[in-house]
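> The following comprises the amino acid sequence and a computationally predicted model.
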Amino acid sequence: MDAAIEFQDVVAGYGDFMILNKLKLRATRGKITLLIGPNGAGKSTVLKTLFGLLKVRQGRVLLQGEDITGASARDLLVKHGVAFVPQGRNLFGQLSVYENLELGGITLGTRITRERIPEVLSLFPRVQERLHSAASSLSGGEQKQLEVGRALLLRPRVLLIDEPSIGLSPLVVQDVFRLLRKLADEQGVTVLMVEQNVKSALKMADDAIALEAGRLVLHKPADELLADPDIERLFLGGGHVPAAIA
Ligand SMILES: Nc1ncnc2c1ncn2[C@@H]1O[C@H](COP(=O)(O)OP(=O)(O)OP(=O)(O)O)[C@@H](O)[C@H]1O
């Protein structure tokens, strides 16, 4: 397997409380890998650790075979082509769509950023129509598209995305998923995603990794998991949150 991302026995957490428990995982280059598992399993923690926001206490993190353990978020973004779209709203609401994009490209310099903005906007026609509106006036889905667009300005090779569907209508969720599919298929971007809309996400993902208590419990093709009659138990670690898999 051509691993874009590899965790080798990674231990990481918050303060003295370790969440990832000698975690081993691999995500294939140019594919969409979905991280699933019960609440608190450590899914978001994987993304934060990979993006250098949490310290790796033990083990190694590799990107395209290169050891990036301990690299800062800035270096990951600028030198290694990793972009992170966190949960929730992360825009400057009072600033315009265009200004938010300009800020997203701050590490590139103004000239390159301005050259790239049209190419990013071409992916999001509805956002393009609102270029000079305050970001906070966009719908939830448009705001999420703008966040993804802002990350794409840096032409990432790896996109980490945490629960993009929160607060979005099912149709808009499909738009976001289609976009991720396009990035993987046409640009070879590796996507690692956490998403509570598990069934819809599995329909467009390539692989699924299930975590439980900071360890990997399953890694298989998304379509195989979708066909597994034990799917609810696997997703929820024996819990029962039917709305999460509707
Ligand atoms: N900033 C923080 N400080 C302390 N503990 C945290 C922090 N963020 C998360 N945790 C704890 O780490 C554990 C794993 O959290 P994480 O967000 O990675 O889980 P998750 O699998 O993404 O869950 P969910 O599906 O609920 O989003 C949880 O017990 C959570 O309470």
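Happy to help now that I have it. Numbering: from 1, shown residues only.

> Burial check on residue 151, number of neighbours?
21 (other C-beta atoms under 10 Å). The C-beta positions use only the backbone N, C-alpha and C, and glycine is treated the same way.

> Beyond the one helix or strand it maps to, next helix or strand please.
Assigned by DSSP states H and E, residue 151 belongs to helix 140-152. Where DSSP H and E defines the elements, the next helix or strand beyond helix 140-152 is strand 158-162.

> check contacts around the residue sitting nearest the centre point of the chain.
Closest residue to the average C-alpha location of the chain: residue 161 at 1.5 Å, with C-alpha atoms, centre = their mean. By C-beta atoms under 8 Å, 6 or more residues apart in numbering, the contact set of residue 161 is 47, 84-85, 148, 180, 191-194.

> measure it to the ligand for me?
As judged by C-beta to the nearest ligand atom, to the nearest Å, residue 161 and the ligand stand 13 Å apart.

> now do residue 11
13 Å.

> hang on, the earlier thing: cross-check the contacts of residue 161 against the ligand and keep the overlap.
Restricting these to those adjacent to the ligand (criterion: C-beta under 6 Å from any ligand atom) gives residue 194.

> From the contacts of residue 161, which one has the minimum pLDDT?
Among the contacts of residue 161, residue 148 has the lowest pLDDT, at 90.

> Name the nearest residue to that one, ignoring sequence neighbours.
residue 85 (5.8 Å; C-beta to C-beta, 6 or more residues apart in numbering).

> hey, what's the one you found bridged with?
With DSSP bridges as the criterion, residue 85 is bridged to residue 161.

> isn't it right up against residue 163?
No - using C-beta atoms under 8 Å, residue 85 is not in contact with residue 163; the gap is 9.5 Å.

> Overlap in contacts, these two.
With C-beta under 8 Å, 6+ apart, residue 85 and residue 163 have no common neighbours.

> so how far is the ligand from the residue nearest to residue 148?
For residue 85 relative to the ligand (C-beta to the nearest ligand atom), the value is 14 Å.

> need the contact list for that residue.
Per C-beta under 8 Å, 6+ apart, neighbours of residue 85: 144, 147-148, 151, 159-162, 164.

> So, low pLDDT: which residues of the chain?
Residues of the chain that meet the criterion pLDDT under 70 lie in 1, 233-246.

> what distance separates the longest helix along it from the centre of its chain?
Secondary structure of the chain per DSSP state H: the longest helix is helix 170-187. Its chain's C-alpha centre and that of helix 170-187 lie 12 Å apart, by C-alpha atoms, centre = their mean, to the nearest Å.

> do stretch 26-38 as well
9 Å.

> Show the end-to-end separation of it, please.
20 Å (C-alpha to C-alpha, to the nearest Å).

> May I have the secondary structure class of residue 12?
Following DSSP: H, G, I helix; E, B strand; the rest coil, residue 12 is assigned to strand.

> tally of neighbours for it?
25.

> contacting residues for it?
Applying C-beta under 8 Å, 6+ apart, the residues near residue 12 are 18-20, 45, 49, 54-57.
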